[in-house]
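Engineer: Okay, sequence plus prediction incoming.
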Amino acid sequence: MENILQQLVNGLSLGSIYALIALGYTMVYGIIKLINFAHGEIYMLGAFIGYVFIQYFHLPFFVALVGAMICCAGIGVLIEFLAYRPLRGSTRIAALITAIGVSFLIQNVMKLRFFAGAEPRAFPQAIEQKMIEVGPIMVSNIQLLILGTTVVLMLGLQIIVMKTKMGKAMRAVSVDADAAMLMGISVNQTISFTFAIGSALAAAGGVMIGLYYNSIDPMMGVTPGLKAFVAAVFGGIGLIPGAALGGFSIGLIETFVSASSIEGLSAYKDAIVYFILIIVLLIKPTGLLGKNTKEKV
Amino acid sequence: MLKVKDLTVKYGVIEAVHGVSFEVKKGEIVSLVGANGAGKTTILRTISGLVRPAGGSIQFKELELTKTAPQKIVAAGLSQVPEGRHVFSGLSVMENLEMGAFLKKKNQDSKRVLQEVFERFPILADRKNQDAATLSGGEQQMLAMGRALMSEPDLLLLDEPSMGLAPIFIKEIFDIIQEIQKQGTTVLLIEQNANMALSIADRGYVLETGSLVLSGTGEELLASEEVRKAYLGG
């Protein structure tokens, strides 16, 4: 029982990070139907920017976190402007391949010695890790920080999307870009806004994982990026609650498989995650929360 | 108010609209009628800036619309209710109306406009918290019209407002269009339902495969032999 609770906390912490990245995937997909494969790299850049702020500017952790979020929001907007906007109106496969290209470009530019170099770097312990005993289980203060920050960011996102004018415009463009233009909504601005928000969330995930795992490197975005994409599809791509649910689900599945007492199973944790994805999609092709929409006549 | 001159629109190599010219004067209801595929919707989409023409000009007030971004066209006082309504599903009725007033600053004024829309379409007030997708077709048409009126347009473009609606709703929608005109909004109406559209129109144009073939007052067109034969079943 203690073990299950313990793994639950571990799984939720990891799932938080997947959820934060998955939100960006799903929001961008919702608005321009693009799987932004460079999104994992935004998460990596977020970790490095946070690293620079803490290591060289000696900023407090949360200032570095917010700083990295702002920088990555800008980078996300810039990537959309330079790489995806010129391809608006071309085939989706062209945009998808471009996204993969942007992903490789960022990874390899970061591997240059001038930027980060290929070697992993130790992320400074801006907040010292302490274990806290909560009833029968041990929780680290960093796990709590990850969970707490994620909840705050998700609530913030919910408020932006549901209550603000830009958030409503974002939903309007997602369901019907032409009709949104007829309202006087600038589709380009709305798309930029979406990239900014999604990238900021990924950056937050990157900085927190740096603190949690202590190590960052230019390839760190690849696997979490892919898993977050799976999380977004799992929950129903294009749906914000789906991304959160998918992220937490995958974090939990992965953690429980790793911790399971069945011998050798933990080596297959990724295989099991993808296997479950395949099963979910076979049964419900639109994802857990997805529904098939029908046009009303 | 709106002057369309020699408008030509192409989709790839296919020419959908060939050199169409017409005009809408302040205070009028002008109907553009024609069969499915005649190019009516293309013309409206070009006016709103969603499609760029291959040639010709569209003058609205002092603005050349063929070179103006869609949001600036809305800001200039031209609003469109698209074919098939296109309400934002997943957004509530209220949020749909807010999107209609997207370019307006939030103030007393927008409250008054909202009140007017609710008075004209009481059903929208009753359902303001409901997801727009749950409305019936007729209610969605009212929402689409209410949404377009939220920007207080000088010129309202309506694309097939009667499409797919029960006759009782069609009658109601056409009554409302006339009320909108009486309150000072100019209307450009596009319809397959030529009978209804011409009977409320001050003037009308008949479009056939991308070209205008007839024009006149609503009454003249309703009485004309060609229109009767082609659209009104003899």
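Structural biologist: Cool, the structure landed.
Engineer: When you work out contacts or count neighbours from here on, use the C-alpha atoms and nothing else.
Structural biologist: Noted.
Engineer: The residue in chain B that chain A sits nearest to: which element?
Structural biologist: Sorted by distance to chain A under Cα to the nearest Cα, the residues of chain B start with residue B:71, at 3.8 Å. Using DSSP states H and E, residue B:71 maps to helix B:70-75.
Engineer: Packing partners of that helix?
Structural biologist: helix A:177-182 (3 or more Cα pairs under 8 Å, 6 or more residues apart in numbering or on different chains; DSSP states H and E).
Engineer: Can I get the helix it packs on as CSV, trimmed to CA atoms?
Structural biologist: Output of helix A:177-182 as CSV, limited to C-alpha atoms (Å, rounded to 0.1, in the frame of the first residue of the first chain):
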residue,chain,number,x,y,z
ALA,A,177,-10.7,29.8,-38.7
ASP,A,178,-12.7,31.3,-41.6
ALA,A,179,-15.6,32.3,-39.4
ALA,A,180,-13.1,33.7,-36.9
MET,A,181,-11.7,35.9,-39.6
LEU,A,182,-15.2,37.2,-40.3
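Engineer: Quickly check: that helix near chain B or not.
Structural biologist: Yes - Helix A:177-182 lies within reach of chain B by Cα under 8 Å from any Cα of the partner chain, at A:178, A:179, A:180, A:181, A:182.
Engineer: quick one: low-confidence ranges for the stretch 1-150 of chain A?
Structural biologist: For the stretch 1-150 of chain A, not a single residue meets the criterion pLDDT under 70.
Engineer: Show me the helices in it, by range?
Structural biologist: Secondary structure of the stretch 1-150 of chain A (DSSP state H, counting those that start in this stretch): helices located at A:2-32, A:39-55, A:61-79, A:92-111, A:141-163.
Engineer: in stretch B:53-67, what counts as buried?
Structural biologist: B:53, B:54, B:55, B:56, B:57, B:58, B:59, B:60, B:65, B:66 (16 or more other Cα atoms under 10 Å in any protein chain shown).
Engineer: So the fifth one, which state does it fall into?
Structural biologist: When the structure is split into helix, strand and coil by DSSP: H, G, I helix; E, B strand; the rest coil, residue B:57 lands in strand.
Engineer: Show me what it bridges to in the sheet.
Structural biologist: Per DSSP bridges, the residues bridged to residue B:57 are residue B:5.
Engineer: mean confidence for the longest helix seen in chain B?
Structural biologist: In terms of residue count, the longest helix belonging to chain B (DSSP state H) is helix B:167-182. Helix B:167-182 shows an average pLDDT of 93 in the prediction.
Engineer: What is the subsequent helix or strand relative to it?
Structural biologist: strand B:186-191.
Engineer: Show me what the very next helix or strand once past that next one is in contact with.
Structural biologist: Downstream of strand B:186-191, the first helix or strand assigned by DSSP H and E is helix B:194-199. Defining contact as Cα atoms under 8 Å, 6 or more residues apart in numbering or on different chains, one finds that helix B:194-199 is touched by B:31, B:33-34, B:174, B:189-191, B:204, B:218-219, B:221-222, B:231-232.
Engineer: So how do I select the buried members of those in PyMOL?
Structural biologist: Typed into PyMOL, the line below selects the buried ones among the contacts of helix B:194-199, using 16+ other Cα under 10 Å:
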select buried, chain B and resi 31+33+34+174+189+190+191+204+218+221+222+231
